[in-house]
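> I'll drop the sequence and a predicted model, then ask my questions.
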Amino acid sequence: MPELPEVEMARRYLAATSLHQTIRKAEVKDERILAKVSAKELEEALAGKQFDCAMRHGKRLFLKINETLYLTLHLGLTGRLIYLESGAEVSSHTRLLISFENDRSLAFDDPRIFGEVSLAKSPQAFLTERKVGPDALQLALDGFLKIMNGRRGLIKPRLLNQRLIAGLGNLYADEALFQAGICPRARSLTIGQLTTLFSSIQEVLKTALATHAELEKLPDSYLLPHRHPKGRCPRDGANLSREKIGGRTSYYCPEHQKMKKS
DNA sequence: AGTACCACCTGACGGC
DNA sequence: TGCCGTCAGGTGGTAC
């Protein structure tokens, strides 16, 4: 489940493996991964080029080819990037394969094909066109308050809406609400609650990055290690509630994430 | 502006 | 053993 921390790890992986090498060939193995670009266009755009740098915004990755051309990737639910040894076997789930002149290659694997590959003139143009909101880790408190305050919908779908804030997914949204002691069904939050929530989001994302986005290494005081049907709240031992909220499975503690009148 | 629902796709898992 | 239904997750579309 790639959310901001997992995608940031993918960005670092790209930066460590795939920059400054001439691309011998790009092969689209499954066109269903493409958005607004044909296999031919993409393959021709990449051949002979190099990636200069790897960028991330929310859950979206950008590989710079030149000032007006970027390869953009979204990992979807099951997307993975793998820098293959020379001669390594290619998985049946590889949807895009980029071979470099050093005989190594970059595979974009995505079993469920919820990911996306496209070309963009610039990250900014692409993000504007898709109406993607500010990156969760680049947002300051006042910006967060402006975005979140005065909306009427449930808080959890608000956190998941990438047009409002980019990077949180189902798991880290649950975690941030848990840490902040806010019910995912809450609607009107006080400035104080939103401020607490902002801190929790920053804290959760930074902690996840510090563990290299390995969920099993998160502190036991976090929700995620206990986020399963039999799980109990690490703070007060209550059985965790599991409900669909805004169409997404949500876990929360019925004790310390109660609805508050505000 | 919000919600509710559907679609995309497939591996994993529980039940019979 | 094996079939079958259900679920999971991110996003985008539609109808209300």
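Arrived safely.
> so A:Lys244 lies in a strand, does it not?
Yes. A:Lys244: assigned to a strand according to DSSP: H, G, I helix; E, B strand; the rest coil.
> how far away is it from DNA strand B?
Between A:Lys244 and DNA strand B the computed distance is 8 Å (C-beta to the nearest atom of the strand, to the nearest Å). For glycine as for every other residue, the C-beta is placed from the backbone atoms N, C-alpha and C.
> ditto for A:Leu141
For A:Leu141, the distance to DNA strand B - C-beta to the nearest atom of the strand - is 20 Å.
> which SSE is the closest residue to that residue other than its chain neighbours in?
In this structure, A:Leu141 finds its nearest non-sequential neighbour in A:Phe198, 5.3 Å apart by C-beta to C-beta, 6 or more residues apart in numbering. Using DSSP states H and E, A:Phe198 sits in helix A:191-210.
> give the buried residues for that helix.
By 16 or more other C-beta atoms under 10 Å, the buried positions in helix A:191-210 come out as A:193-194, A:196-198, A:200-202, A:204-205, A:207-209.
> out of those, which is nearest to DNA strand B?
A:Leu194 (13.7 Å; C-beta to the nearest atom of the strand).
> hang on, isn't that closest one packed against A:Gly150?
No. At 10.3 Å, A:Leu194 does not count as touching A:Gly150 under the criterion of C-beta atoms under 8 Å.
> Three-state assignment for the residue lying closest to A:Leu75 once chain neighbours are set aside, please.
Leaving aside its chain neighbours, A:Leu75 sits nearest to A:Pro2 (4.1 Å; criterion: C-beta to C-beta, 6+ apart). Following three-state DSSP, the label given to A:Pro2 is coil.
> residues in contact with A:Pro2?
When contacts are counted by C-beta atoms under 8 Å, 6 or more residues apart in numbering, A:Pro2 touches A:10, A:59, A:75-77, A:79, A:169.
> mind checking which of those land in helices?
A:Ala10 (DSSP state H).
> out of the contacts of A:Pro2, flag the one nearest to DNA strand B.
When the contacts of A:Pro2 are ranked by distance to DNA strand B (C-beta to the nearest atom of the strand), A:Leu77 comes first, at 7.1 Å.
> separation between that closest one and A:Lys258?
A:Leu77 is 31 Å from A:Lys258, where distance means C-beta to C-beta, to the nearest Å.
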